[in-house]
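Engineer: Please work out how this folds:
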Amino acid sequence: MNAGVDPDFGLLEEAQSRILARQAAEAVLDDLLASRPEIMRPFLKELDTGSSDAAGALLSLYEEARSAGVPVEALRIPDPPPSDGWSAIAGDLKVLALFGAFWLTFGYLVFNWMERRARRTGAIGQY
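Structural biologist: Numbers count the residues shown, from 1 in each chain. You can find the predicted model right below:
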């Protein structure tokens, strides 16, 4: 009877799997830092675990994601949104300018009304 299982197949003990996972995480982080330092430096700064154990932090995140049922593909770092500079916030700036213009005009009109009222009643003369 042929089950189609590799004869060298074996099961790992939990301690062995932790050691191999740590070695793999350290190797991946080392390779990424060597080949893509412009990406890895901000990543390591963001990860800031309070210790120098980035591999351990990465494994902890991986285990938490697996426990929550999150697929590994969902763990990739998303690409930053494209920045269009001023044109990206032009709409917000227009709304802010209109808001400021409204309140400036409203404040000016209320001030003029109150000043005219104070002059008519003589309240402004006492100052």
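Engineer: elements contacting the worst-scoring helix or strand of the chain on mean pLDDT?
Structural biologist: Across the helices and strands of the chain, mean pLDDT, DSSP states H and E gives its lowest value to helix 37-47, namely a mean of 75. Helix 37-47 is packed against helix 14-35, helix 54-68, with contacts defined by 3 or more Cβ pairs under 8 Å, 6 or more residues apart in numbering; DSSP states H and E. The C-beta positions use only the backbone N, C-alpha and C, and glycine is treated the same way.
Engineer: Include mean pLDDT, distance to Trp103 and mean neighbour count when you put the ones you listed into TSV, please.
Structural biologist: Shown next, in TSV, are the helices and strands packed on helix 37-47 (pLDDT from 0 to 100; distance: least, Cβ to Cβ, whole Å; neighbours: other Cβ atoms under 10 Å):
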stretch	mean pLDDT	distance to Trp103	mean neighbour count
helix 14-35	87	51	12
helix 54-68	81	47	14
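Engineer: Reformat those helices into CSV and put distance to Ser87 next to each item.
Structural biologist: Compiled in CSV, those are given as follows (distance: least, Cβ to Cβ, whole Å):
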stretch, distance to Ser87
helix 14-35, 34
helix 54-68, 36
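Engineer: The least confident helix or strand of the chain: how far from the chain's middle?
Structural biologist: Taking Cα atoms, centre = their mean, to the nearest Å, one finds helix 37-47 lying 13 Å from the centre of the chain it belongs to.
Engineer: residues making contact with that helix?
Structural biologist: For helix 37-47, contacts defined as Cβ atoms under 8 Å, 6 or more residues apart in numbering pick out 29, 32-33, 54, 57-58, 77.
Engineer: Of those, just say which sits nearest to Arg22.
Structural biologist: Comparing the contacts of helix 37-47 against Arg22 with Cβ to Cβ places Leu58 closest, at 9.5 Å.
Engineer: Roughly how far does that closest one sit from Val72?
Structural biologist: 12 Å (Cβ to Cβ, to the nearest Å).
Engineer: domains in this protein, as residue ranges please.
Structural biologist: Partitioning the chain according to automatic domain parsing yields domains covering residues 14-75, 86-126.
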